[in-house]
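Asker: turn this into a model:
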Amino acid sequence: MNDGQNIPRVIALWSAPRARSTAFFRSMVERGDLATLHEPFCNLVDFGETTVDDKVVRSDQELIEAMRTLSERQRVFFKDTTDYRYPSVLEDARFLREARHTFLIRHPDEIAASYYALKQDMTAKDIGLEQMYELYRAACDKGDRPVVLDSEDLVRRPVETVAAYCAAVGLPSRPEALNWQPGKRAEWERSDRWHTEVSNSSGFTAKSTEYAATVRNNAMLADFSARHEPFYQALFKERLVVA
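Answerer: From the prediction side, this is the model:
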């Protein structure tokens, strides 16, 4: 998954859920120079299969090999969420070493409220930051130092933040890709209700949403957030500081 200049041919964005990662993915699609995959590991957990380059795969190892093959023709970008734990990724030293692993975080208070609005039977793990930190440490141990973005930087300073990300992973900056035509995409059809805001958007926005249930009035959400706060703070310290 590396070319002759040791530039990783697969870029992974591991995101906390509800951290604006689909908007980031949409921007990567808009570039036009990447083969893009939307939540392929999550699809394997939820649906038992996913598609890479028109090929249906049904296991993590098949998926990794399919991405490796695709990356020989075109650089691959995929984004996935860490409300699940992916043991096969954690145990695959070659994949951890060869791919460029990057991470997108959001404060657990905000994740909790946004996630609960869509799924009231959520559990503590769904905040995703503990699983993310485990994956971050695994990537640190086996490969290059991962890139960590904070979603507040992404929506408040998208031009500078995406440019800094691209520089860190070896992509040319394409500011024109920060805007797109609103609309749904086939990649997220099976999980469409989670992506409504991005489907209706044309770029990154810093708007805030008022939720009926938050960590301020829901003890369960407050507990979930508190469990993930140490992992958020540890990752926040490693974030890419945007000049």
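Asker: just the strands in this structure please.
Answerer: 10-15, 35-38, 50-52, 55-57, 76-81, 100-105, 147-150 (DSSP state E).
Asker: now the fourth one: mean pLDDT?
Answerer: It stands for strand 55-57. Mean per-residue pLDDT for strand 55-57: 96.
Asker: let me have the strands of the chain in TSV, extended by distance to Glu160 and mean neighbour count.
Answerer: C-betas here are computed from N, CA, C, even on glycine. As requested, the strands of the chain are arranged in TSV below (distance: least, C-beta to C-beta, whole Å; neighbours: other C-beta atoms under 10 Å):
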stretch	distance to Glu160	mean neighbour count
strand 10-15	18	25
strand 35-38	22	21
strand 50-52	32	20
strand 55-57	36	14
strand 76-81	20	24
strand 100-105	16	26
strand 147-150	11	22
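Asker: a markdown table for the ones you listed, including distance to Val241?
Answerer: A markdown table is the format used below for the strands of the chain (distance: least, C-beta to C-beta, whole Å):
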| stretch | distance to Val241 |
| --- | --- |
| strand 10-15 | 18 |
| strand 35-38 | 27 |
| strand 50-52 | 34 |
| strand 55-57 | 37 |
| strand 76-81 | 22 |
| strand 100-105 | 14 |
| strand 147-150 | 9 |
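Asker: looking at the ones you listed, which is closest to Thr161?
Answerer: Thr161 lies closest to strand 147-150 among the strands of the chain, at 6.4 Å (C-beta to C-beta).
Asker: name the single longest helix found in the protein.
Answerer: In the chain, ranked by residue count with DSSP state H as the criterion, the top helix is helix 219-236.
Asker: just name the shakiest helix or strand of the protein by mean pLDDT.
Answerer: In the chain, no helix or strand scores lower on mean pLDDT, DSSP states H and E than helix 196-199, which sits at a mean of 79.
Asker: rewinding a little: between the longest helix of the chain and strand 100-105, how big is the angle?
Answerer: 140 degrees (axes from the mean of the first three to the mean of the last three C-alpha atoms, to 10 degrees).
Asker: hmm, back to that, return the set of buried residues in the least confident helix or strand of the chain.
Answerer: Buried residues in helix 196-199, counted by 16 or more other C-beta atoms under 10 Å: Val198.
Asker: now for it, which elements pack on it?
Answerer: helix 21-31 (3 or more C-beta pairs under 8 Å, 6 or more residues apart in numbering; DSSP states H and E).
Asker: render the CA-only coordinates of the helix it packs on in PDB, please.
Answerer: Taking C-alpha atoms only, helix 21-31 is exported to PDB below (Å, rounded to 0.1, in the frame of the first residue of the first chain):
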ATOM      1  CA  SER A  21     -16.900  12.800   9.200                       C
ATOM      2  CA  THR A  22     -19.500  12.400   6.400                       C
ATOM      3  CA  ALA A  23     -19.000  16.000   5.400                       C
ATOM      4  CA  PHE A  24     -15.200  15.400   5.300                       C
ATOM      5  CA  PHE A  25     -15.800  12.300   3.200                       C
ATOM      6  CA  ARG A  26     -18.000  14.300   0.900                       C
ATOM      7  CA  SER A  27     -15.200  16.800   0.400                       C
ATOM      8  CA  MET A  28     -12.700  13.900  -0.400                       C
ATOM      9  CA  VAL A  29     -15.200  12.700  -3.000                       C
ATOM     10  CA  GLU A  30     -15.400  16.200  -4.500                       C
ATOM     11  CA  ARG A  31     -11.600  16.200  -5.100                       C
END
